[in-house]
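Trainee: turn this into a structure:
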Amino acid sequence: MSAEAQPISPARFALAIQDLPVENLYSKAREISNSIAHLERSNKQLQEYSDSIRGDSTIPDGTREEGDRECLEAIKENEVVIERQKERIELLKREVESRGGKWHEVNGGGEKTRVNGAQETNGHVEDSSEAVQNGSRVSNSGGGLTDEELQRRMMERMAEQDDDDGDGIHL
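Mentor: Model prediction:
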C-alpha cells in the first residue's frame, strides 16, 4: 500500500460517522461485514491453493516456493484488513449505542439472518413488508421514507378509511 493511500484512522472514522443517520451506520456495517466475508473466503481459497502448491511435485521448486510465499503473504495482508474492518464495525456499534440505540448484529456474508422479523440476506430484506428501525418505519431499500412517500402513503390510508364504515380515523 502506498503512503498516499493509507486507510483512515479509527479516530477519524469515528468522527466521520457521528453525523450519519442510524440507517446509514447499519448500511456501512453491512457493507464492511460483506467485505470481511469476501476476504475470509479469499483466504480460505488462498490457503487451499497454497496447500496444493506444496503438495504438487510437478512444479519446479523455485516456482512452488514463490507461489506459496505469495499466497501466505496475501493471507496475512487480508487478516490485517479484516481486523481493521472488525474495529470499524465496533466503532459503528458504539456510535449507535451512544445515541441510546440498541445494536443489532449485521451479517454481510450471504447467510440469512432475521432483522426486525423480516428475512434478510446480505443486508437486503427479502419480504415485501416494511421494517422498523428505532421506532420509525423504513422502506426495504434501507433508507427512511421521503416526505413525498410518507404523504402518499398517508393519503392512501385516509382514502381506504373513507371507504370503510365511516367511524372516523382509527389510530
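Trainee: contacts and neighbour counts: CA atoms only from here.
Mentor: Noted.
Trainee: for Trp103, see how far away Glu90 is.
Mentor: 10 Å (Cα to Cα, to the nearest Å).
Trainee: residue ranges of the helices in this structure, please?
Mentor: Remark: helices assigned in the chain by DSSP state H are 10-17, 22-55, 61-98, 147-163.
Trainee: tabulate these (JSON lines), appending mean pLDDT, distance to Glu4 and mean neighbour count.
Mentor: Output for those, formatted as JSON lines (pLDDT from 0 to 100; distance: least, Cα to Cα, whole Å; neighbours: other Cα atoms under 10 Å):
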{"stretch": "helix 10-17", "mean pLDDT": "96", "distance to Glu4": "16", "mean neighbour count": "13"}
{"stretch": "helix 22-55", "mean pLDDT": "92", "distance to Glu4": "22", "mean neighbour count": "18"}
{"stretch": "helix 61-98", "mean pLDDT": "89", "distance to Glu4": "17", "mean neighbour count": "16"}
{"stretch": "helix 147-163", "mean pLDDT": "72", "distance to Glu4": "41", "mean neighbour count": "12"}
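Trainee: quick one: which of those helices is nearest Asn107?
Mentor: Among the helices of the chain, helix 22-55 comes nearest to Asn107, with 5.9 Å by Cα to Cα.
Trainee: tell me the domain ranges of the chain?
Mentor: Domain assignment for the chain, taken from automatic domain parsing, gives 1-108, 131-171.
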